[in-house]
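Student: need coordinates for the following:
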Amino acid sequence: MHSKLILIASLGLAAAATAQTFQIPRDLADGAYIVSLDHNSASVFTQLEHNTTAVARRGDAEVQRRQVSFPSGSGAVCNQPLVNDNDMFGAGQAWDQMFNACSNLGGAFLKNKQALFFKAGTATAFMCNYSSKGNPCNTAEWEQAIGNVRNACADGSNGRDQTGYFNIPGWKKSYGFTQSSLGFC
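Tutor: Predicted coordinates:
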């Protein structure tokens, strides 16, 4: 079941402030959400109930066996802000919980201009869909895409990581992570 938490944010203000599509309200609780645009182009946040049990991270050998062949033109895009490593990659935080949220959707397709995200403190992990036909969140894609972003973007210092996303234009989707105070998609 989904419990609805509707928060309206002015897309115009968010776009002007961040040049992004979705802006997370400051008082939004940590958790998994699907965000979409209503008929007035305002963001609507639906909180998801999901299993928050920390996942076991895949070992490099297992990830290598399940390599995803991304379409030509796919690649990492690095952003300037740094994110707190513990909020993003700490056990049971944004990376793990985004994996869980993605897995719990069970291959369900996100609609056009929707995103799945998990907010954990100062970090937000996300999957954006730009296809009118929809797109599923895929855990193997998530793992590999974020690994590609971390490899391409220089790590920060003092427990911080450079933010970014992995753009997959051939599938009209992207996976990434950013500061919770910034927009995405």
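
Student: what stretches of this protein score poorly on pLDDT?
Tutor: Low-confidence segments of the chain (pLDDT under 70): 1-20, 50-67, 155-159.

Student: what residue is smack in the middle of it?
Tutor: The chain has Phe126 as the residue nearest its centroid, 0.6 Å off, counting by Cα atoms, centre = their mean.

Student: who's Gly176 bridged to?
Tutor: Counting by DSSP bridges, Gly176 forms beta bridges with Phe126, Tyr165.

Student: cool, and Leu110?
Tutor: For Leu110, the beta-bridge partners are Asn135 (DSSP bridges).

Student: so how far is the lengthiest helix in the chain off the chain centroid?
Tutor: In the chain, with assignment by DSSP state H, the single longest helix is helix 139-152. Mean C-alpha position of helix 139-152 versus that of the full chain (Cα atoms, centre = their mean, to the nearest Å) differs by 11 Å.

Student: let's number from 705 now, not from 1
Tutor: From this message on, residue numbering opens at 705, which makes the last subject helix 843-856.

Student: contact partners of it?
Tutor: Helix 843-856 has contacts (Cβ atoms under 8 Å, 6 or more residues apart in numbering) with 762, 767, 770-772, 774, 779-780, 782, 799, 802-803, 806-807, 829, 831, 865, 868-870, 872, 878-881. All C-beta atoms are positioned from the backbone trio N, CA, C, and that covers glycine.

Student: give me the angle between whichever strand or helix holds Asp800 and helix 843-856.
Tutor: Taking DSSP states H and E as the definition, Asp800 sits inside helix 798-808. With axes from the mean of the first three to the mean of the last three Cα atoms, to 10 degrees defining the directions, helix 798-808 sits at 160 degrees from helix 843-856.
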